[in-house]
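Asker: After the sequence you'll find the predicted model.
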Amino acid sequence: MRPGAVAIAGAAETERLGEIPDQSMLGLHVDAALRALADCGLTPRDVDGLACAGLQPYLPTQVAHQLGIEPRWADATMLGGCSFLIHVRHAAAAIEAGHCEIALITHGESGRSRLGMGSYAGPGPDSLQGQFELPFGTAGPTTLLTLGALRFLAETGITREHVAAVVVAQSQWAARTPRAARRTPQTVETVLAAEVIAWPFTRPMCCLVSDGGGALVVTAAERARDLARPPVYVLGTGEATGVPMASQLADVTRSRAFARAGAQAFEEAGIGHGELDHLMLYDAVAHLPLMMLEDLGILERGASGPFVAAGHTAPGGRLPVNTNGGGLCYAHTGMYGMFLLQESVRQLRGEAAAQVPGVRTSLAHGIGGMFQAAATVILSNQRP
Amino acid sequence: VIALVELEEGPRMLANLEGVEPVPEALPLDLPLEAVFERVTDEIALPRFRPAGTRA
């Protein structure tokens, strides 16, 4: 893809966020979709491409039916929480190929209230996880994303205090963000004194469980310039598959998928690591942003912990990270990647609740499942 | 206790530890282990591990 050929023209989250006891998964998709289209002055009739991800099959069909449209391009790529970053990449390719003109990407998840979420109950006993991980008591992200964390700390010299500093920095962003769920400023001491969920992680180091959603409208840059909002240009994207089980990472202290997705995006964007003004790093658990800073090549191995502890990612710091408060403090529906992109767009438009002055380039990086996939999107408000 | 266990033969597997207190101080990295087998049903046994040399 040529950097800047395609842009995000419209973006919006669901009207409500957090606990929404009266709206189904599908209702959240539709709410987000209508709001994102209205954001840029379009209606469902204008949409000819649709991408959705969730645990239910045929989601694009379901969402299209609810919106009353018949798209000619559909993408149901489901690679966990980073799926929406992958959808941006796929939509850009589809637009360049002429397969659609206006691509709508929707996310809705009743992660807390579990309304209309379907009957999918997780990996069955005959799956790889069912045979080789679940019998030993694993129970979702807090027990799987954390498996290699003690080794990661030991090998990098990063401390538990450094991991707590991730929460501290993000709580400072959340304190400036009215929609954030956890808005109480934290200290390293309060984070470490909280209830242990999976050693060495305490409750504030683990993400929220929320209801909500979001949607994006992606189109050619020329088309985006005629719409209601300033375009956010897609400079570069990357996607990578990881491992089917977290316990089988080649090296449990790194994700090759993080590195591969990031390298693709930087190469496509044609920019260096030093040219980023703002980062959104998927933080289902608090050490993931540290791993990402290193695996993406933004910081040297072992440097991420001291960097965050020094306040460089916090308000006023030189490399703001997770400025909505992140999955730890803002919201986390289960497939959080959509919210990474929403905050990148807000920062690049200059309309974020905790706005960073002068953001021109933003990177969003997401993980899918338990190191099962990764994706990177680099965005800018300047056309290259 | 959920642990990643590296076998001498090479593979790494997920397993549970037994015979050790579930507290960080008792669970250093690279703790030498030995396998024990827990019979879950008549047909299924699961491998578990305990600190080497502590078999009852």
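Answerer: That came in fine, so what should we check first?
Asker: State the mean pLDDT of stretch A:289-299.
Answerer: Throughout stretch A:289-299, pLDDT has a mean value of 98.
Asker: how about the nearest residue to the closest residue to chain A within chain B, chain neighbours excluded?
Answerer: Per Cβ to the nearest Cβ, B:Leu14 is where chain B lies closest to chain A, at 4.3 Å. Where you see a C-beta, it was placed from the backbone N, CA and C, and this is true even at glycine. Nearest non-adjacent residue to B:Leu14, counting by Cβ to Cβ, 6 or more residues apart in numbering or on different chains: A:Ser247, 4.3 Å away.
Asker: Number of residues surrounding the one you found?
Answerer: 26 (other Cβ atoms under 10 Å in any protein chain shown).
Asker: and it, that one's in a strand?
Answerer: No: assessed with DSSP: H, G, I helix; E, B strand; the rest coil, A:Ser247 is helix; it does not lie in a strand.
Asker: so is A:Gly212 in a helix, a strand, or just coil?
Answerer: A:Gly212 - assigned by three-state DSSP - is strand.
Asker: beta partners of it?
Answerer: Applying DSSP bridges to A:Gly212 gives these bridge partners: A:Glu109.
Asker: Then the one 4 residues further on?
Answerer: With DSSP bridges as the criterion, the beta-bridge partners of A:Leu216 are A:Ala11, A:Ile105.
Asker: show me what contacts it?
Answerer: A:8, A:10-11, A:36, A:84, A:88, A:104-105, A:338, A:341-342, A:345 (Cβ atoms under 8 Å, 6 or more residues apart in numbering or on different chains).
Asker: Let me know the pLDDT of it.
Answerer: A:Leu216 is given a pLDDT of 99.
Asker: And B:Ala56, by the same measure?
Answerer: 61.
Asker: just for chain B, where's the confidence low?
Answerer: Residues of chain B meeting the criterion pLDDT under 70: B:56.
Asker: how about the residues of it near chain A?
Answerer: Residues of chain B that fall close to chain A, judged by Cβ under 8 Å from any Cβ of the partner chain: B:2, B:4, B:12-16, B:24, B:29, B:46.
Asker: where along chain B do the strands fall?
Answerer: B:2-6, B:12-17, B:33-39, B:45-51 (DSSP state E).
Asker: most tightly surrounded among those?
Answerer: By mean neighbour count, with neighbours taken as mean count of other Cβ atoms under 10 Å in any protein chain shown, strand B:12-17 ranks first of the strands of chain B at a mean of 19.
Asker: Just checking the distance from it to the centre of its chain.
Answerer: 6 Å (Cα atoms, centre = their mean, to the nearest Å).
Asker: Stretch A:285-300 now?
Answerer: Counting by Cα atoms, centre = their mean, stretch A:285-300 comes out at 14 Å from the chain centroid.
Asker: What residues sit buried inside that stretch?
Answerer: Using 16 or more other Cβ atoms under 10 Å in any protein chain shown as the burial criterion, the residues of stretch A:285-300 that qualify are A:285-296, A:298-299.
Asker: cool, and stretch A:355-368?
Answerer: By neighbour count on 16+ other Cβ under 10 Å, the buried set for stretch A:355-368 is A:356, A:359, A:361-368.
Asker: Closest to A:Arg256 out of the residues of chain B next to chain A?
Answerer: B:Arg12 (15.6 Å; Cβ to Cβ).
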